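Colleague: Have a look; sequence and predicted model below, questions after that.
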Amino acid sequence: MTAPSRPVRFADAARTALAAPAPGADVSRARRAEMVAELPDWEELRLAGEALRDSALHHLDTLLETLEAAVVAAGGTVHWARDAAEARRIVTRLASAAGRGGAVELPSPLTRRIDAAGALADAGAVLHRIGESARERLLEADVAVSGARFLVAETGTVVAFEPDEDARVCLTLPRTLITVAGIEQVVPHLRDLEVLLRLLPRSAGERMSPYAAMWTGVTPGDGPREFHLVLLDDGRAAALADGTGRTALRCVGCSACLRVCPVYGRVGDAPYGELPGPIGAILTPQLRGIEGAHEASLPFASTLCGACADVCPVRIDIPGVLVHLRARVVESRRRRPVPTPELALMRAAAWTMGDRRRYERTLAGLTRWGGLLPGGLLRGMPVLPLLLGRWTDARDLPVLPGRAFRDWWRARR
């Protein structure tokens, strides 16, 4: 399999999208508002959802042990994957053992992340995707790979929302069912779903999810004969260690934040990489690290307007996490042996402003030389060196006054 190309900086990837016509108005925002307004206890539900998800994350270690025991007791098998590559190897091995017949995928962000389709191909299985194949072909599948929305620790139950009624075929008829889920998707009890299954659909603009499925282990004579649950870490444990950033793991996958984000509404999925929108801007840098140019750019892909936090059903403070991650990115750049042009400029400014005499001499020089630049000269011109030219490429530098404020103030006194 050819390794995928590494995503580029958000700003660079967004230029292509910005060159295209702006999309039309998103009617789903109005639909969501209508659905939410029908519930007088909506804010109480949000508070309950926030508390439930935070409690689950706080007790994640014990919940995962409980989940594994429940899945095994129900006849299933649990596999632990440190990263996407290991998860893909597990799926390949399990699919190979299931045979080389038909295979079906119920796609999810995680099955795409581990390239489940590639894993099935490596196993020699013939892949059919939900929504792309006739039902007769789905009936021939020996193995199925699915994602999940929630995992219930006390019973080992998997909960998924399906795109259409054909997805039930994927979950019941193949001999082997492999479900890939993130470790953060676990909830303690079945009763917790009462809150989450009310929050999620209405945040997505629906009263309820028409195709929701739950399955628990293996039942003789009914459904798959083998059930395998692949629990994926892939940076989630590291994200849990960040007291501020960990709140991103509350996400229930409703996509409400995408629909209200002015940046996402203009550029779409592509610039964000594998996980789009505001939630991707705070989750991807934590799961992948902030060393790469793409990941480091995502926290800055926001106006910090706060609309995403207002609609999040589990009250993730996305703007707060974005600011937190921006600080981490800046701090990481301070440790580089060669500073970025922006950091070098900020250090020079700090040195200049750290001493009154230096500051006043610099200000006098800027006032003297600034008079030589007519207004508007810098508009659209990359007059600053190297990467700093991008700043003046989109900004107009106003004409500097004839004398500094300090000089004016002294004369006035």
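Modeller: Cool, got the structure. Numbers count the residues shown, from 1 in each chain.

Colleague: Skip the chain neighbours and tell me the closest residue to the residue nearest to the spatial centre of the chain.
Modeller: The centroid of the chain falls nearest to Gly280 when counting by CA atoms, centre = their mean (2.3 Å). Computed as CB to CB, 6 or more residues apart in numbering, the closest residue to Gly280 that is not its neighbour in sequence is Tyr272, at 4.5 Å. Every C-beta, even on glycine, is put in place using the N, C-alpha and C of the backbone.

Colleague: Can you report how many residues neighbour the one you found?
Modeller: Tyr272 is surrounded by 25 other residues when neighbours are defined as other CB atoms under 10 Å.

Colleague: Now do the same contact list for it.
Modeller: Contacts for Tyr272 (CB atoms under 8 Å, 6 or more residues apart in numbering) come out as 10, 264, 280-281, 284, 298, 301.

Colleague: go on, Cys261?
Modeller: Residues in contact with Cys261 (CB under 8 Å, 6+ apart) are 277-278, 302, 307-308.

Colleague: Is Ile90 in contact with Leu232, as I believe?
Modeller: No. Applying CB atoms under 8 Å as the test, Ile90 and Leu232 come out as separate, 9.5 Å apart.

Colleague: So between these two, which is more surrounded?
Modeller: Neighbours were counted for Ile90 and for Leu232 using other CB under 10 Å; Leu232 has more, 24 against 20.

Colleague: Are we agreed that Trp215 is in a helix?
Modeller: No. Trp215: not assigned to a helix; according to DSSP: H, G, I helix; E, B strand; the rest coil it is strand.

Colleague: hang on, the earlier thing: next, check the contacts of Tyr272 against the helices and list the overlap.
Modeller: Judged by DSSP state H, helices contain the following of the contacts of Tyr272: 10, 264, 280-281, 284.

Colleague: list the contacts for Ala148?
Modeller: Shown here is Ala148, whose contacts under the criterion CB under 8 Å, 6+ apart are 108, 158-160, 179-181, 185.

Colleague: before we move on, back to that, max pairwise distance over the ones in helices among the contacts of Tyr272: which two?
Modeller: Tyr264 and Thr284 (13.5 Å; CB to CB).

Colleague: what's Leu240 in contact with, if anything?
Modeller: By CB under 8 Å, 6+ apart, the contact set of Leu240 is 57, 60, 184, 246, 249.

Colleague: what do you get if the cut-off is 10 Å, keeping everything else the same?
Modeller: Residues near Leu240 by CB atoms under 10 Å, 6 or more residues apart in numbering: 57-58, 60-61, 183-184, 233, 246, 249, 286.

Colleague: Return the subset of those residues lying in strands.
Modeller: Under the assignment DSSP state E, those contribute nothing to strands.

Colleague: Mark which of the residues you listed are buried, thanks.
Modeller: Buried positions within the contacts of Leu240, assessed by neighbour count (16 or more other CB atoms under 10 Å), are 57, 60, 183-184, 233, 246, 249, 286.

Colleague: With pLDDT and distance to Ser146 added, can I get the contacts of Leu240 in JSON lines?
Modeller: Conversion of the contacts of Leu240 to JSON lines gives the following (pLDDT from 0 to 100; distance: CB to CB, whole Å):
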{"residue": "Leu57", "pLDDT": "97", "distance to Ser146": "23"}
{"residue": "His58", "pLDDT": "96", "distance to Ser146": "28"}
{"residue": "Leu60", "pLDDT": "97", "distance to Ser146": "22"}
{"residue": "Asp61", "pLDDT": "96", "distance to Ser146": "25"}
{"residue": "Ile183", "pLDDT": "97", "distance to Ser146": "17"}
{"residue": "Glu184", "pLDDT": "97", "distance to Ser146": "18"}
{"residue": "Asp233", "pLDDT": "97", "distance to Ser146": "19"}
{"residue": "Arg246", "pLDDT": "95", "distance to Ser146": "26"}
{"residue": "Leu249", "pLDDT": "97", "distance to Ser146": "21"}
{"residue": "Gln286", "pLDDT": "96", "distance to Ser146": "25"}
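
Colleague: hang on, Val314 in a strand?
Modeller: No. When classified by three-state DSSP, Val314 is found to be coil rather than part of a strand.

Colleague: burial count for it?
Modeller: By the other CB under 10 Å criterion, the neighbourhood of Val314 contains 24 residues.

Colleague: Verify the stated contact: Val152 with Glu194.
Modeller: No. With contacts defined as CB atoms under 10 Å, Val152 does not count as touching Glu194, sitting 11.9 Å away.

Colleague: In this protein, mark out all the strands, start to finish.
Modeller: With DSSP E as the criterion, the chain has strands at 77-81, 102-106, 126-129, 141-146, 150-152, 157-161, 176-182, 186-187, 212-216, 226-232.

Colleague: Can you give me the neighbour number for the residue nearest to Leu173 when sequence neighbours are not counted?
Modeller: Once its chain neighbours are removed from consideration, Leu173 has its nearest residue in Leu139; the separation is 6.0 Å (CB to CB, 6+ apart). Around Leu139 sit 13 other residues, with neighbours defined as other CB under 10 Å.

Colleague: Isn't Leu139 up against Val169?
Modeller: Yes. Leu139 sits in contact with Val169 when judged by CB under 10 Å, with a separation of 6.7 Å.

Colleague: Residues in contact with both of these two, list them for me.
Modeller: 104, 128.

Colleague: before we move on, back to that, next up, the contacts around the residue nearest to Leu173.
Modeller: Going by CB under 10 Å, 6+ apart, the list of residues near Leu139 reads 102, 104, 128, 169, 173-174.

Colleague: where's it relative to Gly99, distance?
Modeller: The spacing between Leu139 and Gly99, counted by CB to CB, to the nearest Å, is 15 Å.
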